[in-house]
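A.B. asks: fold the following.
(one chain, ligands or ions: 1)
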Amino acid sequence: MSDCLPEDCERLLLVRDRAARATAIVVVHDTRLGPAHGGIRRWAYAGPDEAMRDVVALARAMTYKCALAGVAAGGGKAVILDHPELDRAAAYRLVGRTVEQLGGIFFTGPDVNTTAADLRTVAEATRFVATDAPDGPGDLAAATADGVLYATLALAEFLAIAPADLRVVVQGLGAVGVGLCARLAERGARLFVHDILPERTATVVAEFGAEPLAAEQVFATPCDVFAPCALGGALTADVAASLPARGVCGAANNIFADERAAAVLHDRGVVAVPDFLANAGALILGATWNLTGRRAGPEQLLRIGETTREILRRSATEDRPPVEIALAVARERVGFGGGAS
Ligand code: NAI
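C.D. replies: As a prediction, this is how the structure comes out:
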């Protein structure tokens, strides 16, 4: 089977609006647990093959994320192939029409380069999209910060460190990073923070008594937990080989820049909570709203902590990186045969 026709996907739709010079790919990976959920990414891909590989990998990851979060939803994703002549609004309407035609087996929302205004454009063509309307699911970034906090507390417990004794390096002080700092500061943790925007670092230093780090100190400051809350790909195998942390837990998607990084950390005894487990708060809010019309309760977010405890215990018992265990658990819940591939 070719890379571009992955046999685990239920639907792969390549759609075009010729007049708008717009091409998009919408993938429904798996709906066995419920309707697919996944945002819209707009990116200047090298070509359709690269876009197809990306959207399939992202949709697959959403299936695992939903399964692990315990929501009755599956994985999907949409990508718009960006280029300088793209009619942006028409491209988002194209995705909206495609999502509408799927008739409710796929709910979409934000992802890289898709703004709240873009989502309102999508909503002109479909009911199955999360917008920032006031009667929506609630504060998504706050829910993500809650989930990362619960995962961090489970990690601290696993490492036998009291929350008030935690030293946490937070990289990236956007909506989630700041929320995480606030929650950790409330519990007495000592914070070391960095954002490429100096004013964001200064605000967190002033508000939460955090200690500012220069860029070159981010991977070199001894800590209990390294919390990546900026972009993905923070941890290369080289960084993993020397990161002076006892654990890793943050919001950034795809924290590992390459496949070896997770194994390198594990071999050094550094406990890395899988990103797709820790950062599921927004998904839990969004999917619960889409599926039930209700806002998610706090107990649904607390489950992130419980699942983290279970995964870390198994990782220690089986001597395998937590991400391998998490993928195996997710695949089992969805009903895939086999292990953690
Ligand atoms: P954001 O865009 O509000 O904040 C990101 C921050 O990282 C910005 O302040 C930016 O200046 C900073 N940054 C970028 N590169 C940096 C670097 N190299 N070093 C230090 N700081 C850097 O994003 P948000 O919403 O806070 O999300 C953070 C991460 O969590 C992202 O990777 C996002 O994909 C992921 N995530 C967010 C969710 C949410 O509910 N907002 C849900 C799931 C994942």
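
A.B. asks: tell me where this structure is predicted with low confidence.
C.D. replies: Applying pLDDT under 70 to the chain picks out residues 1-4, 337-341.

A.B. asks: which residues touch the residue of the stretch 151-300 of the chain found nearest the ligand?
C.D. replies: Closest to the ligand within the stretch 151-300 of the chain is Gly174: 1.7 Å, counting by CB to the nearest ligand atom. Every residue, glycine included, has its C-beta placed from N, CA and C. Gly174 is in contact with Ala141, Asp195, Arg200, Cys229, Ala230, counting by CB atoms under 8 Å, 6 or more residues apart in numbering.

A.B. asks: near the ligand, which residues of the stretch 201-341 of the chain are found?
C.D. replies: For the stretch 201-341 of the chain, the residues in contact with the ligand (CB under 6 Å from any ligand atom) are Cys229, Ala230, Leu231, Gly232, Ala251, Ala252, Asn253, Asn279, Ala282.

A.B. asks: include secondary structure when you put those into CSV, please.
C.D. replies: Below are those laid out as CSV (DSSP: H, G, I helix; E, B strand; the rest coil):
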residue, secondary structure
Cys229, coil
Ala230, coil
Leu231, coil
Gly232, coil
Ala251, coil
Ala252, coil
Asn253, coil
Asn279, coil
Ala282, helix
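
A.B. asks: show me which of the residues you listed are buried.
C.D. replies: Cys229, Ala230, Ala251, Ala252, Asn253, Asn279, Ala282 (16 or more other CB atoms under 10 Å).

A.B. asks: need the max-distance pair from those residues.
C.D. replies: Pairwise distances across these (CB to CB) peak at 16.5 Å, for the pair Ala230 and Ala282.

A.B. asks: hey, C-alpha coordinates of the strand or helix carrying Ala202 in PDB?
C.D. replies: Applying DSSP states H and E as the criterion places Ala202 in helix 198-208. The C-alpha trace of helix 198-208 is given here as PDB (Å, rounded to 0.1, in the frame of the first residue of the first chain):
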ATOM      1  CA  PRO A 198      10.500  39.300  26.200                       C
ATOM      2  CA  GLU A 199       7.400  41.100  27.400                       C
ATOM      3  CA  ARG A 200       5.600  37.800  28.000                       C
ATOM      4  CA  THR A 201       8.500  36.600  30.100                       C
ATOM      5  CA  ALA A 202       8.500  39.900  32.100                       C
ATOM      6  CA  THR A 203       4.800  39.600  32.800                       C
ATOM      7  CA  VAL A 204       5.100  36.100  34.200                       C
ATOM      8  CA  VAL A 205       8.100  37.100  36.300                       C
ATOM      9  CA  ALA A 206       6.100  40.000  37.700                       C
ATOM     10  CA  GLU A 207       2.800  38.100  38.200                       C
ATOM     11  CA  PHE A 208       4.000  34.800  39.600                       C
END
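
A.B. asks: need the contact partners of it.
C.D. replies: Against helix 198-208 from outside (CB under 8 Å, 6+ apart): 170, 173-174, 177-178, 181-182, 185, 191, 193-195, 210-213.

A.B. asks: looking at those residues, which is nearest Ala73?
C.D. replies: Distance to Ala73 across these (CB to CB) is lowest for Gly174, with 25.1 Å.

A.B. asks: so which residues of the stretch 101-250 of the chain form strands?
C.D. replies: 106-110, 167-171, 190-194, 211-212, 223-228, 245-248 (DSSP state E, counting those that start in this stretch).

A.B. asks: now do the contacts for the nearest residue to Ala326 once chain neighbours are set aside.
C.D. replies: Excluding its sequence neighbours, the residue lying closest to Ala326 (CB to CB, 6 or more residues apart in numbering) is Pro274, at 4.3 Å. Neighbouring residues of Pro274 by CB under 8 Å, 6+ apart: Leu68, Ile311, Pro322, Val323, Ala326, Leu327.

A.B. asks: swap the cut-off to 7 Å and go again
C.D. replies: For Pro274, the contact set (CB atoms under 7 Å, 6 or more residues apart in numbering) comprises Pro322, Val323, Ala326.

A.B. asks: one more: Arg333?
C.D. replies: Residues near Arg333 by CB under 7 Å, 6+ apart: Ala67.

A.B. asks: not counting its neighbours along the chain, what's nearest the residue of the stretch 1-150 of the chain found nearest the ligand?
C.D. replies: Closest residue of the stretch 1-150 of the chain to the ligand, CB to the nearest ligand atom: Thr144 (3.6 Å). Nearest non-adjacent residue to Thr144, counting by CB to CB, 6+ apart: Gly281, 4.1 Å away.

A.B. asks: that'll do, ta.
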